[in-house]
Structures are given as structure tokens and as C-alpha cells.
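1. need the 3D shape of this:
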Amino acid sequence: MTNTVKLELHETLKTARKAQTLTLEMVSERLKLTKAQIEYFESPELDLDALNTFQRGYLRNYANMLSIDIGEFEGHFPEGVSVSSDLSRVEQDEAHHKPVISNRLMRWIMWGVIVLIVVVLIVINQ
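-> Numbers count the residues shown, from 1 in each chain. Predicted coordinates:
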């Protein structure tokens, strides 16, 4: 039974990826995984019993990206380990915001403050 499910899972992943016209390179870039990892998930050699925690997470993320419910395959993971989750991928580029004041403007302001302080000190000492 596990072999049939394994076959269905790797074929389901491969078929869904191709149906969405995604290449292995595109998936690899989007999920930040190696092409070899994606190929393994789509290969007949996929061994659900041998997947470690991280690999199960990668598999879950891959299935989520393809909109595949991996929950139906959970019973075939070692000890029925759940691989489904409602967690979503964190976008790394979201944190980059434009600064309120550019570095160049900040340098001009700092030089202006320094010149002003020097002028005030000269005026006070006369």
C-alpha cells in the first residue's frame, strides 16, 4: 500500500507542477530548495519513511505551493507524522522599506549641524 501511495504522491506533485507550467528551476528558486530535492520529491525513489522533519516540511511547502492537500498522505509517513500545516511562507523581501531620509540627505544635515556648531562656538568666543 505504501508503494502505491508513494507513487501517487510523487506523480501528483510532478503532474501538478507541469500543469502549472512550472520548471524545476522555478520551483527551486521559489522554495529556496535545490533542484535535486525537488527531483527527489517527484521521483519513484521517494521514501516517505526516510524523510526527516525538515524534508517533510519541504515536501509540505512544495505541496502547498502546488495547491495539493498532502493530508491524505499523512497516514503513510512514519508513525503517522502530520505534515499538514496552516503556516505560510515568510517573504524575505517584505522587510525592505525605503528609508524616510536618504543617506545622502542625512550626511548633508550632519555637516550642516557641524558647521552651525563651529560658527556658534566662534561667535561665542569673540
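
2. so which helix or strand of this structure has the lowest pLDDT on average?
-> helix 2-19 (a mean of 77; mean pLDDT, DSSP states H and E).

3. which strand or helix spans residue 46?
-> If you go by DSSP states H and E, residue 46 is not part of any helix or strand.

4. residue 40 is in contact with that one, correct?
-> Yes - counting by Cβ atoms under 8 Å, residue 46 touches residue 40, with 6.4 Å between them. (Glycine included, C-beta is placed from N, CA and C.)

5. quick one: the closest residue to residue 59 other than its chain neighbours from residue 109, how far?
-> Excluding its sequence neighbours, the residue lying closest to residue 59 (Cβ to Cβ, 6 or more residues apart in numbering) is residue 41, at 5.7 Å. Distance check for residue 41 against residue 109: by Cβ to Cβ, to the nearest Å, it reads 53 Å.

6. the more surrounded of the two?
-> More crowded of residue 41 and residue 109, by other Cβ atoms under 10 Å: residue 41, with 20 against 11.

7. got the contact list for the more buried one?
-> By Cβ atoms under 8 Å, 6 or more residues apart in numbering, the residues touching residue 41 are 10, 13, 58, 59, 62.

8. one more: residue 15?
-> Applying Cβ under 8 Å, 6+ apart, no residues contact residue 15.

9. and it, how far is that from residue 106?
-> With Cβ to Cβ as the criterion, residue 15 and residue 106 are 54 Å apart.

10. repeat that for residue 50.
-> Taken as Cβ to Cβ, the span from residue 50 to residue 106 is 54 Å.

11. now swap in residue 8 and tell me
-> Residue 8 is 59 Å from residue 106, by Cβ to Cβ.

12. name the residues that touch the longest helix along the chain?
-> The longest helix of the chain (DSSP state H) is helix 103-124. For helix 103-124, the surrounding residues in contact (Cβ under 8 Å, 6+ apart) are residue 101.

13. just the C-alphas of it, formatted as PDB.
-> Provided in PDB are the C-alpha atoms of helix 103-124 (Å, rounded to 0.1, in the frame of the first residue of the first chain):
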ATOM      1  CA  ASN A 103      21.800  58.600   3.500                       C
ATOM      2  CA  ARG A 104      22.900  61.400   1.300                       C
ATOM      3  CA  LEU A 105      20.500  63.900   2.800                       C
ATOM      4  CA  MET A 106      21.500  62.700   6.300                       C
ATOM      5  CA  ARG A 107      25.100  63.400   5.600                       C
ATOM      6  CA  TRP A 108      24.300  67.000   4.400                       C
ATOM      7  CA  ILE A 109      22.200  67.500   7.600                       C
ATOM      8  CA  MET A 110      25.100  66.300   9.800                       C
ATOM      9  CA  TRP A 111      27.600  68.500   8.000                       C
ATOM     10  CA  GLY A 112      25.200  71.500   8.400                       C
ATOM     11  CA  VAL A 113      24.900  70.800  12.100                       C
ATOM     12  CA  ILE A 114      28.700  70.600  12.500                       C
ATOM     13  CA  VAL A 115      29.200  73.900  10.600                       C
ATOM     14  CA  LEU A 116      26.500  75.500  12.700                       C
ATOM     15  CA  ILE A 117      28.100  74.400  15.900                       C
ATOM     16  CA  VAL A 118      31.500  75.700  14.800                       C
ATOM     17  CA  VAL A 119      30.000  79.000  13.800                       C
ATOM     18  CA  VAL A 120      28.200  79.300  17.100                       C
ATOM     19  CA  LEU A 121      31.400  78.500  19.000                       C
ATOM     20  CA  ILE A 122      33.400  81.100  17.100                       C
ATOM     21  CA  VAL A 123      30.700  83.800  17.700                       C
ATOM     22  CA  ILE A 124      30.600  83.000  21.400                       C
END
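
14. many thanks, we can stop here.
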